[in-house]
Every structure is written in structure tokens, then in C-alpha cells.
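> Need the 3D shape of this:
(chains A, B, C and D)
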Protein chains: 2
Amino acid sequence: MKNNHPDYHNTFSIDAVIFGFDEGNLRVLLIERGEEAFIGKMALPGNLVMEDEDLDTGAARILYELTGLKDAHLEQLYTFGDVNRHPLGRVITVAYYSLIRIKKYKLQPKISFAKRAIWVSVSEIPQLAFDHNIIVDKALDRLRGKLRYKPIGFELLAEKFSLSQLQDLYESILQIPIDKRNFRKKILSYDLLVELDEKQQGVSHRAAKLYKFDKKRYEHLDKLGFNFEL
Amino acid sequence: MKNNHPDYHNTFSIDAVIFGFDEGNLRVLLIERGEEAFIGKMALPGNLVMEDEDLDTGAARILYELTGLKDAHLEQLYTFGDVNRHPLGRVITVAYYSLIRIKKYKLQPKISFAKRAIWVSVSEIPQLAFDHNIIVDKALDRLRGKLRYKPIGFELLAEKFSLSQLQDLYESILQIPIDKRNFRKKILSYDLLVELDEKQQGVSHRAAKLYKFDKKRYEHLDKLGFNFEL
DNA sequence: AAAGATAGTGTAATGTTTACACTAAGTAAT
DNA sequence: ATTACTTAGTGTAAACATTACACTATCTTT
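Predicted coordinates:
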């Protein structure tokens, strides 16, 4: 079962782990594969890289073709290169990951390589093609690690959010309870949130104030050596 | 200059950034290349991966062949895949890094691909072949980041070391001054160092007590959710 | 008007980090 | 054997950060 397919000789691919957050659930973007190997199985969006294409460029292209997503800020995660990870030959894959706002995008595969693209809660991920379950686990580890010391949670929320929504995100991704007063005190102390003149709409209880993340200010402080930590 | 060499068609390589520490200097292991491209230039130890070889296995093999080093604990760093990073064709490279005790190993290339292997202080790294300066910079960033929240400094020191040597290592890699009393208080508070019944030998001043790192205990605490931080 | 739901708020106790300077032990030179 | 030199080794008080903890405010629904 090794190196026996002409198109899969000594070549490389990209797979993307795209996280979203929705109704208190962390979700991953999966496609249903429309081609061999693993036709019909769920998998991460991924495909072969072209020969005249930088890795980062290829990652953006492949994500767009398979899901319709554009402009996600992809970061490299890890490279998986076990000899037998692909049944049709030697393919190493460079995994990327990204955090996006689910509602900002409409999923729509551009090529039949993906039959459809869907958001799946991380607690309900099925058995995936290739070693993709391992890749998702690695991405989850990275996300959890990074969430504690970089202000990246905002990328998963709507632009305007309440402090409770933010706390809910941290609690649900890190799987720890957080004290409400201490959470607010700490997150506000960094002075990275801008309080808006606006409240939640359409909730059947007291509406919360909305905030947005001051990215400019964070980047400024970051350069000065400031360290975020939740 | 692209994809015009039959051996370099759509293929991948591994490069290793091996750090050592010596006389207050952080050093990187470099080879002098004995083959094209960049013959005669200094470069990271690196070579093409074989088709029937896992990445991790290939990394260990290549490091051994080019430097004589065995059993270094290699960790994946990042994958570099710009189209034009290699002048003879499309080669993506998976970079690995490792921290080792310089004195534990004798450098001795096993194949002529490397004319010689030497330790170079990070402050004196020349212009290297390919994009290897960028790879070294990335490894340095990773090392500095990791040093703060994982007890990895010990891998660079002799098995038995004094607290001053350890402090010197932190100060010199992180390029910050550290208060001696606070440093000792903190590092000892983790209870990860075993005080030995032994002192420094052959120094022309008061000899320091020697310690060793209790790796077993660290791994145990790590599993329980303990977080090291300097 | 009452019940239900979530938002929003302060303080005291505990633990951590920081800043800071002298004595102890050994070697080398006279 | 005394002195000078070099690095090892040590404690405390003040500032700061973290934790634990419970009630009132605001809005909607009935």
C-alpha cells in the first residue's frame, strides 16, 4: 500500500484546522471528502500543494477551494510525516490552524473535492480520514495553551461581545470554572477592552454592556514587552 | 532556477538546530557543506528525507550522519516551504531543534556531505546557506519562549551544576539580569533540584554546592498540572 | 405586581514578587 | 600567616496580585 499511486509520489499537502465558537461550543470545520482516498469520510479541509506555490499561499487557496473561506489568518501548527499516514503513497502534510467568527462566513466548497463543509462541535468529532483526529488533538492542545497567554479568544467571538460571553468562551474551551468578579477585574485591568455605548439586544433578562477588543492597543503593548495572561 | 534538477523535484528535507551552552555562551551546531548547493558554506545539519522514513527517524539519521550526534531529543520546530528557498528545485524543509550538553558528544561527520561540524556562538553566526539564518532565528525565539515556562535549561548544563551556573544560563539566553536571591528562592521553591553532597572542583574561590535536576519528579508534577515558570 | 434570569459590583485574607547588602569560604599572592 | 581577591550563600519588609466570597440591579415574562 505504499508509493503505488503515480500522483502520490513523494509529495506534500496541507490540512487546516479551523476553529469557531457558537452557542457555548467550540467547533471545528470539516468537509466530506468527494474523492479517494477515504471518499465519503469526514476530514479536515486539505489538499496537495502545488509545485510553484508557497506553503502559506497554498494553505489559503486550499481552504478557500474546499470551504469558501477567505482571509482566515492561518498559522502553522505542525507537520505530520509518518510514512504510512496516507494510504496512496508518501505524503507529508503541513497542518495549519485558525480561529474565526463562524457567522462571518458562508460555507460553500468551490470544487467537488469537498462534497460539503460543516461545523462540528469538538465533543462530537467522528472518526476522520487519515491521521486527522491526531491533527485536531494537536490543534486543540495548541489552542488551549495559547488562549491562556495571548488574547486570541476575541477572534472567535462577534466583534461586539459581553463579558459573560467572553467568560463563557474561556470556561468552555479551557474546561475550568472561573470566578465572575475576578475574571472581570483581571480582563478589564489590562485595558484592552473598549466599553461601547451599546447593550445586548433581544435577551429576556437584563441586557449586558457590549465591549470590543482594542487590537491596536494590544499590538502596541505587545511590542513594549507586555504579557497578557488570563 | 526552479525545479530544474532531477534529484530535487518536489521533495523534502530536514534541518536541525542543535543548541549547546558553553562558557556562558549559547552555541549552535553548524556544518560546512561538502556538496552543492552552497558548497563550502556553513549551514545547519540537514539533508533530504528518504521515501520510506518517518520524519522523526529521518531527523535522527541525518543529524547522526552529518555530526556524529546520537540520541539527541529532537523536537519539531517549524516547516519552511517557500518556493524559492532552495536554488535547485522545490524543497520544503521540516526544521527540528534540540538542546544538548556540548561536552557529552564528540563531533564527527560520517559522510562527506559535511566537511566538518563546529559549535558557533549565536552572536557570531555567519551568513548561512539557504534560509538557515531564518530557521536559527525561529529556533532562538522558541528556545527563549520555552525556557521561561519549562525547565529545559538543565539539558544544556552538565548533569551536576551550581545555582550560579544555572542563573548564568538564564541570564545569558534570555538576555536579562536576574536577582541572585530571588532566583535561588524561586528555583528551589519548586523542589525540582536535588542538592548533592558535592562541590565544584578546581575553582580559585569558594566552591559552590552542586545540584542536579530531578526529572522524574518534574514529570510527575507535570502530569498533576503543575506549571513551572521562571 | 411578582417571579425569573442574568448583569454587575467590593473587600479582606492570602500568597507572590520585588528590591536590596552583607557575611562566608575558599584561593592566591606576599 | 596575613591580606586581598573572588564567588557563594543568605533574610526581610513593602508592594503587588490572587483568591474567596454574596448581594443588589435591571430587564422580561406572566
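> all strands in chain A, in order from the N-terminus.
Along chain A, counting by DSSP state E, strands occupy A:11-22, A:25-33, A:42-43, A:46-48, A:75-80, A:91-99, A:114-121, A:193-199, A:209-213.
> which one of those strands lies closest to DNA strand C?
strand A:209-213 (3.4 Å; C-beta to the nearest atom of the strand). Placement of C-beta: from N, CA and C, glycine included.
> Roughly how far does the closest residue to A:Ile102 other than its chain neighbours sit from B:His132?
Nearest non-adjacent residue to A:Ile102, counting by C-beta to C-beta, 6 or more residues apart in numbering or on different chains: A:Gly20, 3.7 Å away. Counting by C-beta to C-beta, to the nearest Å, the separation of A:Gly20 from B:His132 is 37 Å.
> and those two? which has more neighbours close in?
More crowded of A:Gly20 and B:His132, by other C-beta atoms under 10 Å in any protein chain shown: B:His132, with 25 against 22.
> how far out from the middle of the chain is the longest helix along chain A?
Secondary structure assigned by DSSP state H gives helix A:132-149 as the longest helix of chain A. The chain centroid and the centroid of helix A:132-149 are separated by 9 Å under C-alpha atoms, centre = their mean, to the nearest Å.
> where does the residue of chain A found nearest DNA strand D land on pLDDT?
Going by C-beta to the nearest atom of the strand, DNA strand D is nearest to A:Arg206 of chain A, at 2.6 Å. With respect to pLDDT, A:Arg206 has a value of 97.
> residue contacts, it?
Contacts for A:Arg206 were tallied using C-beta atoms under 8 Å, 6 or more residues apart in numbering or on different chains; there are none.
> how close does it get to DNA strand C?
Separation of A:Arg206 from DNA strand C (C-beta to the nearest atom of the strand, to the nearest Å): 4 Å.
> One more: A:Leu44?
Computed as C-beta to the nearest atom of the strand, the A:Leu44 to DNA strand C distance reads 34 Å.
> That residue contacts A:Asn133, correct?
No - applying C-beta atoms under 8 Å as the test, A:Leu44 and A:Asn133 come out as separate, 9.5 Å apart.
> Between the two, which has more neighbouring residues?
Using other C-beta under 10 Å, the more surrounded residue of A:Leu44 and A:Asn133 is A:Leu44, with 28 against 14.
> Excluding chain neighbours, give the residue nearest to the more buried one in space.
Using C-beta to C-beta, 6+ apart and skipping the chain neighbours, the partner closest in space to A:Leu44 is A:Asp15 (4.4 Å).
> So what pairs up with that neighbour in the strands?
Per DSSP bridges, the residues bridged to A:Asp15 are A:Gly46, A:Ala95.
> Do I have it right that A:Leu74 meets A:Asp56?
Yes - using C-beta under 8 Å, A:Leu74 is in contact with A:Asp56, at 7.0 Å.
> So for those two, which sits in the more crowded spot?
Legend: neighbour count by other C-beta under 10 Å for A:Leu74 and A:Asp56, higher for A:Leu74 (20 against 16).
> Output the below-cut-off pLDDT ranges for chain A.
Chain A contains residues with pLDDT under 70 at A:1-10.
> got the residues of it near DNA strand D?
Applying C-beta under 7 Å from any atom of the strand, we find that chain A lies next to DNA strand D at A:Asp179, A:Lys180, A:Arg181, A:Asn182, A:Lys185, A:Lys186, A:Val203, A:Ser204, A:His205, A:Arg206, A:Ala207, A:Glu229.
> quick one: the fourth one and chain B, what's the gap?
So the one you mean is A:Asn182. 18 Å (C-beta to the nearest C-beta, to the nearest Å).
> That residue: neighbour count?
Counted with other C-beta under 10 Å, A:Asn182 comes out at 9.
> Phi, psi for A:His205 please.
phi -170, psi -180 (degrees, to the nearest 10).
> got it, and A:Leu69?
Per degrees, to the nearest 10, the backbone of A:Leu69 is at phi -80, psi 130.
> which residue sits closest to A:Lys215, ignoring its sequence neighbours?
Leaving aside its sequence neighbours, A:Lys215 sits nearest to A:Phe154 (C-beta to C-beta, 6+ apart; 7.9 Å).
> ok, now how distant is that neighbour from A:Leu63?
Distance, A:Phe154 to A:Leu63, using C-beta to C-beta: 21 Å.
> Which of the two has more residues huddled nearby?
More crowded of A:Phe154 and A:Leu63, by other C-beta under 10 Å: A:Leu63, with 26 against 21.
> my guess is that one meets A:Pro45, correct?
Yes - using C-beta under 8 Å, A:Leu63 makes contact with A:Pro45 at a distance of 5.7 Å.
> Are there residues contacting both of the two? Which ones?
Residues touching both A:Leu63 and A:Pro45 (C-beta under 8 Å, 6+ apart): A:Ala16, A:Ile18.
> Excluding residues flanking it in the chain, which one is nearest A:Met50?
Nearest non-adjacent residue to A:Met50, counting by C-beta to C-beta, 6+ apart: A:Gly58, 6.4 Å away.
> how about the residues of chain A near chain B?
Counting by C-beta under 8 Å from any C-beta of the partner chain, chain A comes close to chain B at A:2-3, A:10-12, A:49, A:51-55, A:76, A:78-83, A:90, A:92, A:94.
> redo that, cut-off 10 Å
Residues of chain A lying near chain B by C-beta under 10 Å from any C-beta of the partner chain: A:2-3, A:9-12, A:14, A:48-59, A:76-85, A:89-90, A:92-95, A:145, A:148-149, A:227.
> distance of A:Trp119 from A:Leu174?
Where A:Leu174 is concerned, A:Trp119 sits at a distance of 20 Å (C-beta to C-beta).
> There's contact between A:Ile134 and A:Arg85 in this structure, I believe.
Yes - at 9.0 Å, A:Ile134 and A:Arg85 qualify as touching, with contact defined as C-beta atoms under 10 Å.
> I'd say A:His132 and A:Leu29 touch.
No - under the criterion of C-beta under 10 Å, A:His132 makes no contact with A:Leu29, lying 11.9 Å away.
> Quick check: neighbours shared by those two?
Taking C-beta atoms under 10 Å, 6 or more residues apart in numbering or on different chains as the contact rule, the neighbours common to A:His132 and A:Leu29 are A:Val17, A:Leu44.
> Am I right that A:Ile18 is in contact with A:Leu63?
Yes - between A:Ile18 and A:Leu63 there is a contact at 7.2 Å, judged by C-beta under 10 Å.
> residues bridging contact with the two, i.e. touching both?
Common contacts of A:Ile18 and A:Leu63 (C-beta under 10 Å, 6+ apart): A:Leu29, A:Pro45, A:Leu69, A:Ala72, A:Leu74, A:Tyr96, A:Ser98, A:Ala117.
> Buried residues in stretch A:188-199, which are they?
Buried positions in stretch A:188-199, judged by neighbour count with 16 or more other C-beta atoms under 10 Å in any protein chain shown: A:Tyr190, A:Leu192, A:Leu193.
> so who does the first one touch?
Pointing back at A:Tyr190 there. Applying C-beta under 10 Å, 6+ apart to A:Tyr190 gives the contacts A:Pro151, A:Asp214, A:Arg217, A:Tyr218, A:Leu221, A:Phe226, A:Asn227, A:Phe228, A:Glu229, A:Leu230.
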